[in-house]
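Trainee: 3D, please:
(one chain, ligands or ions: 1)
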Amino acid sequence: MPYITVKNLYISFPLYHENMRNLRKVTNIFLSGRLSEDKHKKIYVQSLRDISFSIKGGERVGLIGTNGAGKTTLLRTMSGIYEPVSGHLRIEGHISSLLDPSVGMNPELTGRENIRLRCYIDGVPHKQMNEIEEKVIEFSELGPYIDLPVKTYSSGMNLRLGFGLITAIDPQILLMDEWFMTGDEGFMLKATHRLENIVKKSQILIISTHSPQILIKWCNRIIWLEQGFLKMDGIPQEVLPVYLNKPVDELFR
Ligand SMILES: Nc1ncnc2c1ncn2[C@@H]1O[C@H](COP(=O)(O)OP(=O)(O)OP(=O)(O)O)[C@@H](O)[C@H]1O
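Mentor: All right, here's what the predicted structure looks like:
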């Protein structure tokens, strides 16, 4: 059974700016203690501060919070893109992330070569590779473009290939950022249908979204981040009425 444990996690990013003195004055007012300074006077934004939680199989978690709360940082940390500055992160299970279609893709290789590369990385048995290749090509509708280097693709073509590729292999843990749900209408219809299927099959889902409809439809737990801190963690019926400032029966009819 997959699980995720996050304990006292801190993530921060160095800030580079020409006029650090002025930046210090202005940002300290607005970022309410979210900036820190090391002994060399280097300034850091504390993106996540002392975050702890555990997620077990069967949980479908909605990550919520206002802009800049730390949702994307948390997803990227769980998918291995960022290293914790301090704290622990333990993950058991195979992760697929729908965070950025180009992550893990080599722009110099063709679409087809990238499909095979991903299969090798994910340890897909050789027999299954052709099947996955066909599945991705059919979903992405790239036609002859599949044999051109990915660097020549438009952003929509990249999205189709990336999405088709990531969702071709059933994930145990699925991490999703909301922007993945933006594409042209034809793509969105296909993508939503496929997502609903893999959401049903994946054992853990974590999705960052501002959409109450998605949270209500897909999630059985909500983690609310604010200013890098974990503000509330509970079932949607408890957390969403507080977050959205709406009565529970108006949200869950
Ligand atoms: N690579 C980076 N370099 C510097 N600061 C960063 C970086 N990534 C995130 N931050 C800062 O960390 C904080 C959290 O950002 P994050 O993108 O995780 O928020 P979010 O909750 O996903 O926001 P949104 O809903 O707007 O997408 C912000 O203050 C942001 O400026």
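
Trainee: quickly find the element holding Glu131.
Mentor: Applying DSSP states H and E as the criterion places Glu131 in helix 126-140.

Trainee: so which elements touch that helix?
Mentor: helix 111-121, helix 155-166 (3 or more Cβ pairs under 8 Å, 6 or more residues apart in numbering; DSSP states H and E). In this view, the C-beta of every residue, glycine as well, is placed from N, C-alpha and C.

Trainee: how about the helix or strand containing Ile11, does it get close to the ligand?
Mentor: Ile11 belongs to strand 3-14 when assigned by DSSP H and E. Yes - counting by Cβ under 6 Å from any ligand atom, the ligand is contacted by strand 3-14 at Phe13.

Trainee: of all the helices and strands packed on helix 126-140, which lies closest to Asp50?
Mentor: Counting by Cβ to Cβ, Asp50 lies closest to helix 155-166 out of the helices and strands packed on helix 126-140; the figure is 30.9 Å.

Trainee: run the angle between the closest one and helix 126-140 for me.
Mentor: 150 degrees (axes from the mean of the first three to the mean of the last three Cα atoms, to 10 degrees).

Trainee: buried residues of stretch 96-113, list them for me.
Mentor: For stretch 96-113, the neighbour count (16 or more other Cβ atoms under 10 Å) marks Ser96, Ser97, Leu98, Leu99, Asp100, Pro101, Ser102, Gly104, Met105, Thr110, Gly111, Arg112 as buried.

Trainee: so how far is the first residue of stretch 215-224 from its last?
Mentor: 12 Å (Cα to Cα, to the nearest Å).

Trainee: and the residue lying closest to Gly80 once chain neighbours are set aside, what is it in contact with?
Mentor: Spatial nearest neighbour of Gly80, chain neighbours left out: Ile95 (7.6 Å); criterion: Cβ to Cβ, 6 or more residues apart in numbering. Counting by Cβ atoms under 8 Å, 6 or more residues apart in numbering, Ile95 makes contact with Met78, Ser79, Gly80, Pro171, Gln172, Ile173, Leu174, Leu175.

Trainee: need phi/psi at the fourth one.
Mentor: Backbone torsions of Pro171, given as degrees, to the nearest 10, read phi -90, psi 150.

Trainee: how many neighbours does it have?
Mentor: Pro171: 23 surrounding residues under other Cβ atoms under 10 Å.

Trainee: give the helix, strand or coil label for the closest residue in space to it that isn't next to it in sequence.
Mentor: Leaving out its chain neighbours, the residue that sits closest to Pro171 by Cβ to Cβ, 6+ apart is Ser96, at 3.5 Å. When classified by DSSP: H, G, I helix; E, B strand; the rest coil, Ser96 comes out as strand.

Trainee: what's opposite Ser96 in the beta bridge?
Mentor: When bridges are called by DSSP bridges, Ser96 pairs up with Leu174.

Trainee: that older thread, report the buried members of the contacts of Ile95.
Mentor: Met78, Ser79, Pro171, Gln172, Ile173, Leu174, Leu175.

Trainee: just the residues you listed: which has the poorest pLDDT?
Mentor: Going through the buried ones among the contacts of Ile95 one by one, the lowest pLDDT turns up at Pro171, 78.

Trainee: now for that residue: which residues touch it?
Mentor: So Pro171 contacts His94, Ile95, Ser96, Ile198, Ser202 (Cβ under 8 Å, 6+ apart).

Trainee: ok, those vs the ligand, which is closest?
Mentor: Comparing the contacts of Pro171 against the ligand with Cβ to the nearest ligand atom places Ile95 closest, at 17.9 Å.

Trainee: what pLDDT is listed against that closest one?
Mentor: 86.

Trainee: just Lys217 next, same as before
Mentor: Looking at Lys217, the pLDDT reads 84.

Trainee: same deal with Phe30?
Mentor: Reading off the model, Phe30 has pLDDT 54.
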